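[1] Sequence first, then the predicted structure:
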Amino acid sequence: MTGPYARYIDRWERKLATRDTNRVVRPFEWGTEWLHSVGFPSCPENANGDAAACVSRFVGEALADSDRFFSYPPVGDYQLRENRLTFTSPVPSRHPENDTVHALWFPAPQDRGRALVVLPQWNSDADGHVGLARLLNRFGISALRMTMAYHAERKPAGFARADYHVSSNIGRTIHAGRQSVIDTRACLDWLVGQGYTRVGLLGTSLGSCMAFIAAAHDPRVRVGIFNHVSMYFSDVVWTGLSTQNVRQGFADIVSQDDLRRYWSVISPASYLKRLPGRDLRSLLVWARHDSTFLPVYSQQVLRSFREMNLAHQVFTLPCGHYTTGQFPFNLMDGLAMCRFAARNL
């Protein structure tokens, strides 16, 4: 749309997107050492001068056995102090701060065994989605708000942003995505251990992608609320307003098609085939004027769900990506997600 309202939202989006002045363009890296640590034999610690082939082989093996790729040893050190749950991530990284998972626990007074793991957006601070968690409580649903890899308390010293979760280092970005997905499943383990029998996931933006992959690999998930959707992780990075600094880091070394293939292992499109036959009800939220998750990519998700006859509902926001967090759109979005959870969980 190119009318006055669309132009107004676009100006508002760009104003919000340019508030942060701490974005850094980091150099391109294949990051094969991060893939070697996962344990697939296709990517040895020394890529022997052919990193592109190494990454391609790794991705092929991981997609062929994604259950193994997203498998993990059980967590043995959950600690709940007041409303903060901490545990050691089953996926070690090279940064000690990042390897302790933090989650805020908001039990509803009368939750009837219903709980959601909540994953905020990329670069969310420690308070992100706390208001949404409390709103879920008002609908009788408990919420465990998890901090994803390299965010907030998990950021390495000296970092202003969660650059290591999404960057022009291909292998580290895959490793970070896998870590966030597995940490999410470990949160589900904790909820089930607390006696919750009806559990689900709610994710926004980057959190939506991680939540979808976790839901696709965990049959315990009964409800998936995916707030902003795209088929491929890489398409958002390549074309989105908020990730242009990441895009610049790739320069002309890889193409959009190349990156879509390399990051297919952390993309929802690769795991849609796992959903037919599942008792999973999904809410797909997209924004009509989104300049980060471009509508063309969101529409691909909606079309795929329709064609595959997957149980879902769609909620369309009349705004953009950043403006979703502004009144009145944040209230519209929050109420739509909470009502869906209350009806379906």
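    Done, it's in.
[2] residues near Arg26, how many?
    Other residues lying near Arg26 total 15 when counted by other CB atoms under 10 Å. Yep, even glycine has a C-beta here, placed from its N, CA and C like the rest.
[3] what's around the closest residue to it other than its chain neighbours, how many residues?
    Excluding its sequence neighbours, the residue lying closest to Arg26 (CB to CB, 6 or more residues apart in numbering) is Gly249, at 5.1 Å. Using other CB under 10 Å, Gly249 has 20 neighbouring residues.
[4] Helix or strand with the lowest mean pLDDT in this structure?
    helix 32-36 (a mean of 87; mean pLDDT, DSSP states H and E).
[5] quick one: buried residues of the host helix or strand of Arg261?
    Taking DSSP states H and E as the definition, one finds Arg261 inside helix 256-262. Within helix 256-262, the residues scored as buried using 16 or more other CB atoms under 10 Å are 258-262.
[6] One more: stretch 211-225?
    Buried residues in stretch 211-225 (16+ other CB under 10 Å): 211-218, 221-225.
[7] For it, what does the pLDDT average out to?
    Stretch 211-225 comes out with an average pLDDT of 98.
[8] Now do it: distance to the chain's middle.
    In terms of CA atoms, centre = their mean, to the nearest Å, the centre of stretch 211-225 is found 12 Å from the chain centre.
[9] for Thr86, helix, strand, or coil?
    Assigned with DSSP: H, G, I helix; E, B strand; the rest coil, Thr86 falls in the strand class.
[10] To clarify, my last question referred to Val223.
    Val223 ends up strand, using three-state DSSP.
[11] Tell me where the protein is predicted with low confidence.
    1, 39-49 (pLDDT under 70).
[12] can you give me the strands in it?
    79-81, 84-88, 100-106, 114-119, 142-146, 198-204, 221-227, 281-287, 312-317 (DSSP state E).
[13] Which other helices and strands does the fourth one contact?
    Pointing back at strand 114-119 there. Applying 3 or more CB pairs under 8 Å, 6 or more residues apart in numbering; DSSP states H and E, we find strand 114-119 packed against helix 130-138, strand 142-146, helix 170-193, strand 198-204, helix 206-217.
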